[in-house]
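Chemist: Quick one, what's the 3D model for this:
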Amino acid sequence: MNSQAMAQAVIFVAMFVLISGPVHECAHAYVAWRLGDSTAKMFGRISLDPIRHFDPVGGTLLIVSVMIGAISGSPFGFGWAKPTPVNPYNLKGRYADTMVAVAGPLSNLALAIVFAIGFRILLASGIYPDNTSASNMVSLVFAVGIEINVVLMLFNLIPIPPLDGSHVLFDLLDPRTAQSVRTFMNQYGLMLLFLVVFLAGRIIVPILVPIVNFLAGVQLLVG
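Modeler: Next up, the predicted model:
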């Protein structure tokens, strides 16, 4: 593992723990509160404090998997922040559960756009993402910021519990179909989720690459 791969791995973990994870979960909590459920607010989750959103198991798994991935040549890993508690029975509105669910992925898209703006400004000045200088490291941080936030957006929109996409799916289906799908997911959802994680390269990467490269304005990732 070269020094740039190590730098990317450290940035990836720090970005998730300090920025992307807290913003994602805070977005869920804030929208849930505005739509009538104060559960997350009572637990102090309408906050950008990373400690409030850190999950010991998910965070440790992320660190280990990212480091293993860096050694094997992959820039990504797998982990999670502490899930935001939401009581759907307190929410007001037909699609309130969907609005709470998509708030997280949309917050990651917003972050990706912010990092893309910074990346493009540095790129226009001839500063490229690597670890050869302080300014190049900042560009590398912006590049990783684009990538991780697009990954989080896409992964969380997969319609398998407990991911955010499952709330959208159940909201859009009629009650009888939703119950049937929910029953199926209760039995096989975890297996499907492991399968998605295992096949993430084939499922997510073909969508991830063009979005990241479009935001960056250059080819950051190769499919």
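
Chemist: max-length helix in this structure?
Modeler: Ranked by residue count under DSSP state H, the longest helix found in the chain is helix 96-124.

Chemist: so the helix or strand that it is followed by versus helix 96-124, what angle?
Modeler: Downstream of helix 96-124, the next assigned helix or strand under DSSP states H and E is helix 134-156. Counting by axes from the mean of the first three to the mean of the last three C-alpha atoms, to 10 degrees, helix 134-156 lies at 160 degrees to helix 96-124.

Chemist: average pLDDT across helix 134-156?
Modeler: Over the span of helix 134-156, the pLDDT mean works out to 96.

Chemist: For that helix, name the packing helices and strands.
Modeler: When contacts are defined as 3 or more C-beta pairs under 8 Å, 6 or more residues apart in numbering; DSSP states H and E, helix 134-156 sits against helix 3-15, helix 96-124, helix 205-216. (Glycine included, C-beta is placed from N, CA and C.)

Chemist: any idea which element residue 94 lies in?
Modeler: Using DSSP H and E, no helix or strand contains residue 94.

Chemist: in the helix or strand containing residue 182, what counts as buried?
Modeler: Using DSSP H and E, residue 182 falls within helix 175-198. With burial defined by 16 or more other C-beta atoms under 10 Å, the residues of helix 175-198 counted as buried are 181, 185, 189, 193, 196.

Chemist: Now do the last one against residue 108, distance only.
Modeler: As for residue 196, its distance to residue 108 is 18 Å (criterion: C-beta to C-beta, to the nearest Å).

Chemist: Next: the fourth one.
Modeler: To residue 108, residue 193 is 19 Å away according to C-beta to C-beta.

Chemist: ok so, going back, the inter-axis angle of the helix holding residue 182 versus helix 134-156?
Modeler: 140 degrees.

Chemist: Surely residue 53 and residue 46 touch.
Modeler: No. Using C-beta atoms under 8 Å, residue 53 is not in contact with residue 46, being 10.8 Å away.

Chemist: Residues touching the helix holding residue 182, excluding its own?
Modeler: Applying C-beta atoms under 8 Å, 6 or more residues apart in numbering, the contact partners of helix 175-198 are 78, 158, 160, 161, 163, 166, 169, 170, 173, 203.

Chemist: Then stretch 48-60?
Modeler: Residues from elsewhere that reach stretch 48-60 (C-beta under 8 Å, 6+ apart): 17-18, 21-23, 25-26, 44-45, 47, 79-83.
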